[in-house]
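K.L.:
For reference, the sequence and a predicted model appear below.
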Amino acid sequence: MAVEQTLERNQLILKRVKELRTKFLDQYDYVDLHSLGIYYDKETESNEIAVFKDKALINTVKMWMLSKKGDYYREPLRGGVIELLLGSPMTPQRASEIRSQIIDKFRIDFSLVELVQLTIDMDVKLKIWKVKYEVLDIINKKLVNFSVNVQV
């Protein structure tokens, strides 16, 4: 009898945790202004200025990636990633250094997003750094992949 009550109680607790998690995640919605201004959203078939959820997360990291020191109001040391790439010699050693610096900056500047994978490639002919991100939203456990290309 006691075992059955314990199992029933555990199932009830698990059900309640699932309900609360669903309720919390459904109410947790990221919103951001699109980094390049007005854009055409294929899903809504309309011009938009704001991005939501995963698109907002991608937007935030892209803006951070393309930021210079001093771009963030009241956070003068935040960002500055673009400065690592502009004018940098395109060598494998420099790519490795940039990767390490971006990882360090990411840990400092983002608390609710985890950098799972970062790839730095270069196109020497076109003089383009290709930065590929895989980030994990810690709150809703969503993995997002995207890339940023910077011509130097």
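P.N.:
Cool, got the structure. Owing to the predicted nature of the structure, the values given are computational and were not obtained by experimental measurement. Numbers count the residues shown, from 1 in each chain.
K.L.:
Lys71 contacts Gly79, doesn't it?
P.N.:
No, residue 71 isn't Lys; it's Asp. Yes: Asp71 is within contact range of Gly79, at 5.3 Å (criterion: Cβ atoms under 8 Å). For every residue, glycine as well, the C-beta is placed using N, CA and C.
K.L.:
between these two, which one's more packed in?
P.N.:
Between Asp71 and Gly79, counted using other Cβ atoms under 10 Å, Gly79 has the larger neighbour count: 20 against 15.
K.L.:
For that one, give me its contacts.
P.N.:
Trp64, Ser67, Lys68, Lys69, Asp71, Tyr72, Lys105, Asp109 (Cβ atoms under 8 Å, 6 or more residues apart in numbering).
K.L.:
what about the fourth one, neighbour count?
P.N.:
One way to gauge burial is a neighbour count; for Lys69, by other Cβ under 10 Å, it gives 14.
K.L.:
Looks like it contacts Val81 (just checking).
P.N.:
No: counting by Cβ under 8 Å, Lys69 stays clear of Val81, with 9.6 Å between them.
K.L.:
burial count for the nearest residue to Ser46 once chain neighbours are set aside?
P.N.:
Nearest residue to Ser46, sequence neighbours excluded (Cβ to Cβ, 6 or more residues apart in numbering): Tyr40, at 7.5 Å. Residues near Tyr40, counting by other Cβ under 10 Å, number 9.
K.L.:
Thank you kindly, that will do.
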